[in-house]
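Asker: let me see the structure of the following:
(one chain, ligands or ions: 1)
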Amino acid sequence: MIAPGRPKRESLPRGRKARSGNRPPMKVPDDGEQALRSAVIATALAMNARGINRGRSGNVSARLPGAGDEGFLVTPTGLAYEDTAPEDIVPVTLDGEARGSRLPSSEWRFHRDIYRARPDVNAVVHTHSPFATTLACLSRGIPAFHYMVAVAGGRDIRCAPYATFGTQELSDKALAALDGRRACLLAHHGMIAVGASLAAALALAVEVESLAEIYWRALSIGPPATLADVEMDVVLEKFRTYGQPRQAEE
Ligand SMILES: [Zn+2]
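Answerer: Predicted coordinates for the structure are as follows:
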């Protein structure tokens with residue numbers, strides 16, 4: 001049984017294993033947080049079902065609602081998604097303090113830094129999806145070979161230079177590659193997709209993986225031509241207003 005009340009938060013043991021014992025009881029999540037915990041797990045399971053993630057390599061997070069630095073919920077490290085229960089999901093503040101019974105994903109830093117830097121982002125999906133990772137292993141981003149590349153917010157999808165997983169250096173490089181964008185590849189690693197919701201971030205990750213596959217297929221025949229900047233700008237403008245309600249007509 002979980003004790004009620006708001007225990008003091010425990011600092012994340014940076015670079016060390018979790019301390020055993022003396023862990024404060026977990027905060028009793030309210031209904032909204034409980035639903036978000038379940039949604040994070042559902043999104044992680046959907047990554048596997050959609051074929052964009054295998055095993056335990058990916059991770060998913062969602063920003064906790066609230067005006068302050070409530071932080072975010074992230075999948076725990078080293079636990080298969082099918083074995084993950086809502087209470088295993090780890091709340092982390094924007095200062096990097098984690099609480100709960102599990103350690104957060106080893107990639108919690110780039111999740112945290114994205115939420116700090118990007119108020120437009122409420123969800124982050126990270127995978128080692130096969131086609132995006134194939135390109136990333138060649139340090140290749142995805143150029144404007146297809147107009148749908150603009151779905152990630154720019155004229156191309158950048159590939160961040162390599163850095164060791166879980167490091168601040170990787171986070172810094174990922175954030176630079178995401179500047180003005182909603183997705184990027186990570187050299188010799190995988191990809192990140194972000195969105196205003198878990199559904200949007202997941203859908204974008206699926207789209208980026210599909211674009212990576214088509215680009216890979218095109219490259220097998222020959223280097224595909226890329227669309228001119230002016231054409232991509234037309235698409236970017238259309239995407240900016242796509243699905244928006246029409247202005248009231250005079
Ligand atoms: Zn990874």
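
Asker: ok, and what's touching stretch 113-124?
Answerer: With contact meaning C-beta atoms under 8 Å, 6 or more residues apart in numbering, stretch 113-124 is reached by 43, 60-63, 71-72, 94, 110-111, 171-172, 174-175, 178, 182, 192-198, 200-202. Every residue, glycine included, has its C-beta placed from N, CA and C.

Asker: could you dump the longest helix along the chain to PDB, C-alpha only?
Answerer: Looking across the chain with DSSP state H, the single longest helix is helix 198-221. Taking C-alpha atoms only, helix 198-221 is exported to PDB below (Å, rounded to 0.1, in the frame of the first residue of the first chain):
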ATOM      1  CA  LEU A 198       2.600  11.500 -27.400                       C
ATOM      2  CA  ALA A 199       0.500  10.600 -30.500                       C
ATOM      3  CA  ALA A 200       2.100  13.300 -32.500                       C
ATOM      4  CA  ALA A 201       5.600  12.300 -31.500                       C
ATOM      5  CA  LEU A 202       4.900   8.700 -32.300                       C
ATOM      6  CA  ALA A 203       3.400   9.500 -35.700                       C
ATOM      7  CA  LEU A 204       6.400  11.600 -36.600                       C
ATOM      8  CA  ALA A 205       8.800   8.800 -35.600                       C
ATOM      9  CA  VAL A 206       6.900   6.400 -37.800                       C
ATOM     10  CA  GLU A 207       7.000   9.000 -40.700                       C
ATOM     11  CA  VAL A 208      10.700   9.600 -40.300                       C
ATOM     12  CA  GLU A 209      11.400   5.900 -40.300                       C
ATOM     13  CA  SER A 210       9.300   5.600 -43.500                       C
ATOM     14  CA  LEU A 211      11.200   8.500 -45.100                       C
ATOM     15  CA  ALA A 212      14.500   6.900 -44.100                       C
ATOM     16  CA  GLU A 213      13.500   3.600 -45.700                       C
ATOM     17  CA  ILE A 214      12.400   5.300 -49.000                       C
ATOM     18  CA  TYR A 215      15.600   7.300 -49.000                       C
ATOM     19  CA  TRP A 216      17.600   4.200 -48.500                       C
ATOM     20  CA  ARG A 217      15.800   2.500 -51.400                       C
ATOM     21  CA  ALA A 218      16.300   5.500 -53.600                       C
ATOM     22  CA  LEU A 219      20.000   5.500 -52.800                       C
ATOM     23  CA  SER A 220      20.300   1.900 -53.900                       C
ATOM     24  CA  ILE A 221      19.500   3.000 -57.400                       C
END
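
Asker: what comes up buried for the helix or strand just after that helix?
Answerer: Once the chain leaves helix 198-221, the next helix or strand it forms, by DSSP states H and E, is helix 229-241. For helix 229-241, burial by neighbour count (16 or more other C-beta atoms under 10 Å) applies to 232, 235-236.

Asker: which residue ranges form the helices in this structure?
Answerer: 31-49, 108-117, 130-137, 168-177, 198-221, 229-241.

Asker: nearest to residue 187, of those helices?
Answerer: Residue 187 lies closest to helix 130-137 among the helices of the chain, at 5.4 Å (C-beta to C-beta).

Asker: mean confidence score for the closest one?
Answerer: Helix 130-137 shows a mean pLDDT of 98 in the predicted model.

Asker: and it, what does it pack onto?
Answerer: Where contact means 3 or more C-beta pairs under 8 Å, 6 or more residues apart in numbering; DSSP states H and E, helix 130-137 is packed against strand 183-186, strand 190-195, helix 198-221.

Asker: so which of these comes closest to residue 85?
Answerer: helix 198-221 (17.6 Å).

Asker: list of residues touching that closest one?
Answerer: Outside helix 198-221, the residues touching it (C-beta under 8 Å, 6+ apart) are 39-40, 42-43, 46-47, 50-52, 60, 62, 122-125, 127, 129-132, 134-135, 142-143, 145-146, 148-149, 151-152, 157, 182-183, 185, 191, 193-195, 224.
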